[in-house]
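Participant: pasted the sequence and its predicted model underneath.
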Amino acid sequence: MHIEAIPSTPVYCPVQIAAVPQHLLIVERAEWLTPEKLSPLSDSASSLFVYVLGNTILRSLTPQYECRSFNDAQSLWAMVEAFFSQARMGLRLCVIGSEPFLWQASAIASRYGMTTDAMQLELAGKPSRNVYCIHCRHTIRDTGTNLVTCPSCGKTLAVRAHFSRRLGAYIGVQADAEEPGVLPPVEELRR
C-alpha cells in the first residue's frame with residue numbers, strides 16, 4: 001500500500017556531507033553506509049563522527065573519521081545524547097535508517113535545540129512506520145501494513161498519511177468506525 005503524500009508527510013533525501021565544521025552521521029545498519037557517501041568528505045568537513053548500530057568494524061570504510069559501533073539501540077542513543085550535550089553551534093546531523101530510527105534521532109536532536117534545517121534524513125530498509133493511536137494515545141512501533149491492531153485499546157487502526165513530527169509517528173484512526181466490522185483489505189506498506 002502506498003499512502004498518498006500530504007503536506008505533513010516527510011520527504012527524505014540522500015545524505016550529503018556539506019562544508020561545515022562538524023557532522024554527526026548516525027546509521028542504523030552498516031551496509032547502508034556506502035563508500036560514496038563518505039569519499040568526497042576529505043575537504044568538505046573538518047570533523048565527522050560516525051555512529052553505527054550493530055557490532056561491526058568500520059575502519060576499512062572510514063579510516064579518517066571517528067567511528068563507533070554500538071551493540072544495541074539503548075547504548076547508541078545514550079552516546080548520541082552525550083554527543084549533543086557537548087555539541088557546538090554549526091553541527092549538522094545526518095541519519096540513515098528506517099523511518100522510526102530517523103525520527104528517534106530527530107527527536108533527540110530537537111531536544112538539544114537543533115532545527116530541521118540542520119538535519120538530513122535518508123530513508124533505508126524495508127518500509128515500517130510508527131503509528132499513534134488517537135483513541136488511547138499509544139504508539140505502535142514498526143508497523144508494516146495499512147491496518148494495525150492497537151495493543152493498548154484493541155481497536156483496528158487505519159494508518160493515515162498525516163505524520164506528526166513531534167510524535168515521530170503516523171496517525172492511526174479506528175478503521176471500522178463508520179461501519180463496525182467492515183475493514184478494508186490489509187496491504188503491505190510500499191515506498
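Facilitator: Thanks, I have it.
Participant: going forward, measure contacts and count neighbours with C-alpha atoms only.
Facilitator: Fine.
Participant: for the residue lying closest to residue 112 once chain neighbours are set aside, the count of nearby residues, please.
Facilitator: Nearest non-adjacent residue to residue 112, counting by Cα to Cα, 6 or more residues apart in numbering: residue 84, 6.5 Å away. When neighbours are counted by other Cα atoms under 10 Å, residue 84 registers 18.
Participant: same question for the strand or helix carrying residue 84, mean pLDDT?
Facilitator: Here residue 84, judged by DSSP states H and E, is contained in helix 73-86. For helix 73-86, the mean per-residue pLDDT is 96.
Participant: elements contacting that helix?
Facilitator: With contacts taken as 3 or more Cα pairs under 8 Å, 6 or more residues apart in numbering; DSSP states H and E, helix 73-86 sits against strand 47-53, helix 99-111.
Participant: packing partners of the lowest-mean-pLDDT helix or strand in the chain?
Facilitator: Lowest by mean pLDDT, DSSP states H and E among the helices and strands of the chain is helix 35-38, with a mean of 70. Using 3+ Cα pairs under 8 Å, 6+ apart, no helix or strand is in contact with helix 35-38.
Participant: kindly export it (C-alpha atoms) in PDB.
Facilitator: In PDB, the C-alpha atoms belonging to helix 35-38 read as follows (Å, rounded to 0.1, in the frame of the first residue of the first chain):
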ATOM      1  CA  PRO A  35      31.800   4.400   0.400                       C
ATOM      2  CA  GLU A  36      30.400   7.000  -1.900                       C
ATOM      3  CA  LYS A  37      28.600   8.700   1.000                       C
ATOM      4  CA  LEU A  38      32.000   9.300   2.600                       C
END
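Participant: who touches the residue most central in space within the chain in this structure?
Facilitator: Among the residues of the chain, the one closest to the centroid is residue 102, at 1.2 Å (Cα atoms, centre = their mean). Residues near residue 102 by Cα atoms under 8 Å, 6 or more residues apart in numbering: 95-96, 121-123.
Participant: show me where pLDDT drops low in this protein?
Facilitator: Applying pLDDT under 70 to the chain picks out residues 1-5, 19, 38-46, 57-64, 191.
Participant: next, the buried residues of the top strand by length along it.
Facilitator: Criterion DSSP state E: the longest strand present in the chain is strand 156-164. Using 16 or more other Cα atoms under 10 Å as the test for burial, strand 156-164 gives 156-163.
Participant: can I get these in CSV with distance to residue 175?
Facilitator: Shown next, in CSV, are the buried residues of strand 156-164 (distance: Cα to Cα, whole Å):
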residue, distance to residue 175
156, 6
157, 5
158, 5
159, 9
160, 10
161, 14
162, 15
163, 17
